[in-house]
Every structure is written in structure tokens, then in C-alpha cells.
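> Okay, predicted coordinates and the sequence, questions at the end:
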Amino acid sequence: MQSSSLRIGMIGLDTSHAVEFTKLLNDPEHPWHVPGGRVVIAYPGGSEDFELSRSRVRGFTEKLRGEYGVEIADSPAAVAAACDAILLESADGRVHAEQFRQITAYGKPVFVDKPLAVSSRDAGEIAALAVRHGAALLSSSSLRFAEGLTEALSDSEKGAVTGADCFGPLALEPTQPGLFWYGIHMVEMLYAALGPGCVHVTASAGESHEVVVGVWADGRIGTVRGSRAGSPAFGAVVHREGGSRAVDISADAKPFYASLLERVMELFRGGEPAVDMRETLEVIRFIEAANESRETGRRVRL
């Protein structure tokens, strides 16, 4: 390991993301290896009332310890004290604010995996703590940086983006309100295309499909379509003044985890966050408003 390599700590070993990110960072032979740091210490965490957390945390912990030599700590604070930068990976968005409270005073740069939180209140607290302690902060879904979407958004030959329709699987989890579990992937894709500025949303929910329509202050319209039946593929249609372009995320050769991790490492090396925190806070509020609309059937202002 080069002397310039960052010592990375990880909090939350109850998600496959913990394993995937460790592979990309710690294995230089991985075809999509992301250089510049290694995961060296981690705190398992886990939520007893969340089956996908409780049932996976032990196995992922043993994998990181046994296959990658990661030291296992007994608290988030112990991780923060022993590393240069932190990946907060806990699958349960409800615990992010409490875990962030335990590490923010160390002033280390932090990536919080999606969602930043499952309420605007907790998301706002995390953002305020980061500012107070001078901790660089980024939170995003990996789908925002998927290769095909990035390429489509960088190609401005057909003029300005006038709207976008994003789709993908929409599994629901009782402990993660509404769209916060899987819907955030499509919402992040939508914000990558349109940026902040949504003023209201309307959601319609059926047994196996849901649609959210957002209207932006400048009149642009974006939609999120989630499915619990049929194809599990993520994709989008980006609309521009001179035509539309379809994006098939499954056609990308490069894993979107690697694309995200490259942005995270830029932050960890002292760069600016790839997503402004004000936009991330709007993403959380968009989902909150969409959840309210799907429950009440009314249009909800952000």
C-alpha cells in the first residue's frame, strides 16, 4: 500500500454495498478497481427490526474480516478515530442521523449511502452537523452516476434538457417509508437530469406500479415510474429541445458502484462534493412529498 493511500473506515455492514465497495477499493486486481484508499476498519451495526439488515450483517462482517483483513470495531466513534475518511453504509436510513452524530466531531470526510435519511428533519440535522464540524459530506445513489446516464446528460447536441422520465424496480420495505428504499434510485436519476427546483409532486400508486410526477419552477416536468412486476431494469428517457434519448442502465459495462466510488474518492482527497447538499436535501423532501401524495392522493408542495 502506498503511503498516500487513505485509511478508510466503514460503518454498517448490513448491505451488499459494504462488500462491493471494499472489493473495488481493496483488490487492485479487480477490473474496475478504484485506487487511493483501503477499507481498514469497520463497525457492523445492524437493525434488529429490519430483516434485510438483521439477516445479513454477520455474514458481511465475516467476509470483510476474513477475505479483506478489515479490523472490526465496537462503535462508530472507534472507526472515526482510526481512519482518514468514512463510508457510512448502514442499510437502515433511520439510523444515519444517530450514527453521524457519533462521528462528525472527528471532522473526517463522510459519504452517507442512500438515503441520507428518511425524513427532512434528520437530513437537515446531518447537514448542519457537517457544517458545524467542518466535515465534508456527500450522499447519493450510485444510479445518479451510471455511465449511460452520465453520457446522455453530457451530450447537449439536441439542446437543453426539458424533462426526464426515470424508471426501475420499486421494492418496498416496512421500516423504510415508501420510496426511500428503492425509489430514491430513480429520484436521484431524475435530479441528475433536471437539477433542483421542483415545486410540487403528485403520486399515483397501484398494487404493482407507481408513478410520481414532479413539476419544476421553470415548467419542466419529470416522472418516476416504479415497478414491482416485470423487468427489474433501471433506465430513463432524457428529453431535450431537439429530441429525446433513451438510457438503458443495464447496457453499461462499467458498474455504477465504481462510478459512484470514484466521486467519493474525489471528496476524500479534498475535492468538492459531486452533489451539492442543498440538492440532496431537496431529494429527501421530494421523496417525503411523494410518500405523502401516494397516501393522500393530493398534490404536495415541496
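Arrived safely, thanks for sending.
> What's the first helix or strand after the helix or strand of the chain with the lowest mean pLDDT?
Here the helix or strand of the chain ranked lowest by mean pLDDT, DSSP states H and E is helix 51-54, holding a mean of 90. Following helix 51-54 in sequence order, the next helix or strand is helix 57-68 (DSSP states H and E).
> buried set for the least confident helix or strand of the chain?
Going by neighbour count (16 or more other CB atoms under 10 Å), the buried part of helix 51-54 is 52-53. C-beta: built from backbone N, CA, C; applies to glycine.
> what about the helices in the stretch 201-302 of the chain?
256-268, 277-296 (DSSP state H, counting those that start in this stretch).
> can you redo those helices as TSV with mean pLDDT?
Formatted as TSV, the helices of the stretch 201-302 of the chain follow (pLDDT from 0 to 100):
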stretch	mean pLDDT
helix 256-268	97
helix 277-296	97
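> so how far is the least confident helix or strand of the chain off the chain centroid?
19 Å (CA atoms, centre = their mean, to the nearest Å).
> Among the helices of the stretch 201-302 of the chain, which comes closest to Asp122?
helix 277-296 (8.5 Å; CB to CB).
> Can you give the distance of the closest one from its chain's centre?
On the basis of CA atoms, centre = their mean, helix 277-296 is displaced by 14 Å from the centre of the chain it belongs to.
> got the contact list for that helix?
115-117, 119-120, 123-124, 127, 130, 137, 139-140, 177-180, 183-184, 187-188, 191, 195-196, 198, 200-205, 210, 212, 214, 224, 298-302 (CB atoms under 8 Å, 6 or more residues apart in numbering).
> got the buried residues for it?
Those would be 277, 279-294, for helix 277-296 by 16+ other CB under 10 Å.
> Give me the local confidence score for the closest residue to Pro76 other than its chain neighbours.
Distances taken as CB to CB, 6 or more residues apart in numbering place Gln102 nearest to Pro76, at 4.4 Å, with adjacent residues excluded. pLDDT, Gln102: 98.
> Count the neighbours of Gln102 for me.
By other CB atoms under 10 Å, 16 other residues sit near Gln102.
> What distance do you get for it to Ser156?
As judged by CB to CB, to the nearest Å, Gln102 and Ser156 stand 43 Å apart.
> Tell me how far the residue most central in space within the chain lies from Glu62.
Closest residue to the average C-alpha location of the chain: Ser141 at 2.5 Å, with CA atoms, centre = their mean. Ser141 sits 27 Å away from Glu62, going by CB to CB.
> And for His185?
28 Å.
> Of these two, which one has the most company?
His185 (25 against 13).
> what about the more buried one, helix or strand, and which?
Secondary structure from DSSP H and E places His185 in helix 183-194.
> I'd like the average pLDDT over that helix.
Mean predicted lDDT for helix 183-194 stands at 98.
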